[in-house]
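[1] With the sequence up front, the predicted model follows.
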Amino acid sequence: MLLRKLLPVFALLWGLLLFLPAQCQTLLRQWKSAEGQVSITLNDNILGKSFLYNRDTLLLSGKWKQENNRLHFTPLALNGLKLTQMPNAAPPAAASQTDTTVASNGTQADTIISPPRVMDWYGLPEWVAIENLTDNSLTLSNAGVPMVFTYRDNSSFFTKLINNNLLRGIIGIFSLILICFLFSTNRKNISWRLVFSGIGIQILFALLVLKVPPLVVNIGSAAIDLSPRAIFQAVAGFFVAVLDFTTQGATFVFGDLVTRTDTFGFIFAFKVLPTVVFFSALSSALYYLGILQKIVYVFAWVMSRTMRLSGAESLAAAANIFIGQTEAPLVVKPYIERMTRSELLCLMVGGMATIAGGVFAAYVGFLGGDDPAKQLLFATHLLSASIMSAPAAIVAAKMLFPETENIDTNLHISKDKLGSNLLDAITGGTTDGLRLAVNVGAMLLVFIAMMAMLNAILFDLIGKPTGLNSWIAAISHGKYAGLRLEYIFGFMFAPLAWLCGTPTADIVAVGQLLGEKTIINEFVAYGTLGNMKDLGLITNSKSLIIAIYALCGFSNFGSIGIQLGGIGALAPGQRHHLAHLGLYALLGGTIACLFTAVIAGMIAG
């Protein structure tokens with residue numbers, strides 16, 4: 001009774017807190033000029049210090065720093081297109097010129113723009129002095145010329161309510177459950193206990209990794225942090241160490257092409273692809289020694305007991321956390337021919353919703369660059385995403401195709417070895433890794449070249465004559481230069497980005513990443529995310545975290561063919577079922593990745 005009476009009071013207080021503005025003198029806001037035609041947004045988070053400067057339909061993004069009472073701006077992109085040189089003291093040019101050269105991956109963030117040769121960038125000087133800063137006003141000056149900005153929090157109660165992290169997370173979770181329910185083949189037999197226990201495991205894991213404070217224990221003279229986050233970071237540190245080990249091997253083979261990034265730049269083939277080869281060999285060695293199977297067994301036991309799964313699908317779901325969608329079925333190879341369709345879909349969705357260890361280390365290098373602290377940060381989030389995706393995949397699969405037959409709950413890992421001895425296992429893993437690395441490199445070359453060609457057709461042959469380019473630049477406030485695949489993907493997948501809890505300013509950008517991941521693959525999407533992060537095109541740390549989790553899976557159209565060939569070779573009698581369940585697996589894998597993104601955004605945000 002007392003709790004029931006107090007609930008309205010708590011609700012009222014919570015609502016009032018949403019209305020109360022956070023009064024503090026800070027630069028980290030969106031500042032607007034009096035006429036509203038110019039705005040500058042300053043951010044400082046895990047992405048570093050980034051800014052967005054908007055004047056009419058022009059948008060500059062880049063990095064900033066503060067030295068005493070002066071601000072220095074380093075523009076990196078104009079209307080989402082990469083800049084190639086910094087402003088200088090040369091005489092003013094009439095306008096900036098677009099260079100027809102396209103960089104290596106042809107994406108919007110890598111198209112080259114020659115900047116105007118002036119001391120400032122469309123009214124934004126390179127250096128400005130802070131003349132005045134209050135709760136709602138900012139005055140900057142350059143050479144005695146003042147620039148006055150104001151801050152107004154015009155968001156309504158409803159806007160603040162709908163942007164609340166917890167509420168957005170709840171909306172996202174129930175929306176994804178609704179999608180699974182609508183596409184389910186047997187709604188009456190959905191096990192709601194399994195659904196909510198699977199979601200509960202994800203939330204509990206995310207809380208342990210992202211929210212539990214340090215738990216320091218003094219052992220002798222040493223202070224050791226035993227919190228789940230510290231333990232998890234220690235595991236993530238292993239993947240960061242793998243990058244260093246790979247660099248040493250790659251340097252021996254390729255020399256300065258790996259280490260001299262100041263001279264040669266970041267060469268993908270020599271910096272990222274060797275990681276795929278080395279980690280594939282390492283995984284094979286761990287599998288041969290039986291270490292990987294023991295780790296898999298622990299995760300499988302937890303999921304089997306909490307979600308009442310069959311032994312085979314529990315083991316396959318756990319194996320997918322660490323190895324790829326074609327290698328994980330080997331753990332349950334003797335059982336695939338006898339699997340029910342529900343178990344088979346669970347196996348397929350698990351492969352779609354997670355990533356392989358080899359590409360995992362490559363993505364850490366993608367996002368973290370050469371900074372060990374950033375590598376550790378992104379390794380922690382990627383590992384967390386891959387683990388959370390395992391129960392999420394089970395939830396999605398069991399809603400789309402509920403189990404109606406009797407199942408075997410015993411956990412028996414296949415005794416098959418990947419080689420006759422340890423050296424043979426390493427050799428086999430190296431060969432498989434080389435095949436994967438060459439496949440990844442060739443695939444990226446072709447897909448990115450195709451994107452560049454389609455972008456040229458859309459931008460020059462359709463966007464310019466019809467005026468669509470100007471219209472898109474205007475409605476996106478300069479974030480997109482015109483009609484390109486990036487804008488189309490962003491527009492199509494923006495609703496899913498909103499459901500994940502993405503802040504309004506980054507919805508189209510995250511939607512673009514979801515589109516690239518689903519239609520092309522996650523390697524291309526992570527490459528684009530790395531560019532967006534470096535160029536300041538994604539400024540909210542919550543958006544970055546949501547994107548990392550949402551992209552962490554093999555759920556794309558190409559993976560349907562990979563699974564048909566890989567799993568079909570292990571169980572020829574299941575080929576017709578695999579073909580029938582292909583699109584269900586893609587849908588389930590996508591939803592599983594979105595489940596993890598929603599929960600991570602709700603908790604980390």
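    Received, thanks. Fair warning: this is a prediction, and the values are worked out from it, not measured in the lab. Numbers count the residues shown, from 1 in each chain.

[2] I'd like the average pLDDT over the strand or helix carrying Ala456.
    Assigned by DSSP states H and E, Ala456 belongs to helix 422-456. For helix 422-456, mean pLDDT rounds to 84.

[3] Can you spell out which helices and strands pack onto the one helix or strand Ser197 maps to?
    Assignment of secondary structure by DSSP H and E places Ser197 within helix 192-210. The contact analysis (3 or more Cβ pairs under 8 Å, 6 or more residues apart in numbering; DSSP states H and E) places helix 192-210 against helix 228-254, helix 291-307, helix 372-400, helix 575-604. Any C-beta I mention is one placed from the backbone N, CA and C, and that applies to glycine too.

[4] just so I know, which of those lies nearest Pro146?
    helix 372-400 (37.1 Å; Cβ to Cβ).

[5] Could you give the separation of the closest one from the chain centroid?
    The chain centre lies 10 Å from the centre of helix 372-400; the measure is Cα atoms, centre = their mean, to the nearest Å.

[6] Flag every buried residue along stretch 56-65.
    For stretch 56-65, a neighbour-count test (16 or more other Cβ atoms under 10 Å) marks Thr57, Leu58, Leu59, Leu60, Ser61, Gly62, Lys63, Trp64 as buried.

[7] nearest to Ala223, of the residues you listed?
    Nearest to Ala223, judged by Cβ to Cβ, of the buried residues of stretch 56-65 is Lys63 at 35.2 Å.

[8] Do I have it right that that closest one meets Lys49?
    Yes: using Cβ atoms under 8 Å, Lys63 and Lys49 qualify as a contacting pair, with a distance of 5.9 Å.

[9] In the protein, what helix or strand scores lowest on average pLDDT?
    None of the helices or strands of the chain scores lower by mean pLDDT, DSSP states H and E than strand 97-102, at a mean of 39.

[10] if we can go back for a sec, would you tell me which one of the helices and strands packed on helix 192-210 is buried the most?
    Highest mean neighbour count of these: helix 372-400, a mean of 25 (counted as mean count of other Cβ atoms under 10 Å).

[11] angle of it against helix 291-307?
    Here helix 372-400 points in a direction 50 degrees away from that of helix 291-307 (axes from the mean of the first three to the mean of the last three Cα atoms, to 10 degrees).

[12] Endpoints of stretch 534-549, how far apart?
    18 Å (Cα to Cα, to the nearest Å).

[13] Leu499 is nearest to which of the helices and strands packed on helix 192-210?
    Taking those one by one with Cβ to Cβ, helix 575-604 is closest: 7.1 Å.

[14] what mean pLDDT does that closest one have?
    Averaging the model's pLDDT scores along helix 575-604 yields 91.

[15] buried ones in the host helix or strand of Trp471?
    When elements are assigned from DSSP H and E, Trp471 belongs to helix 468-475. Judged by neighbour count using 16+ other Cβ under 10 Å, the buried positions of helix 468-475 are Leu468, Asn469, Ile472, Ala473.

[16] Give me the distance between the third one and Ser39.
    For Ile472, the distance to Ser39 under the criterion Cβ to Cβ, to the nearest Å works out to 19 Å.
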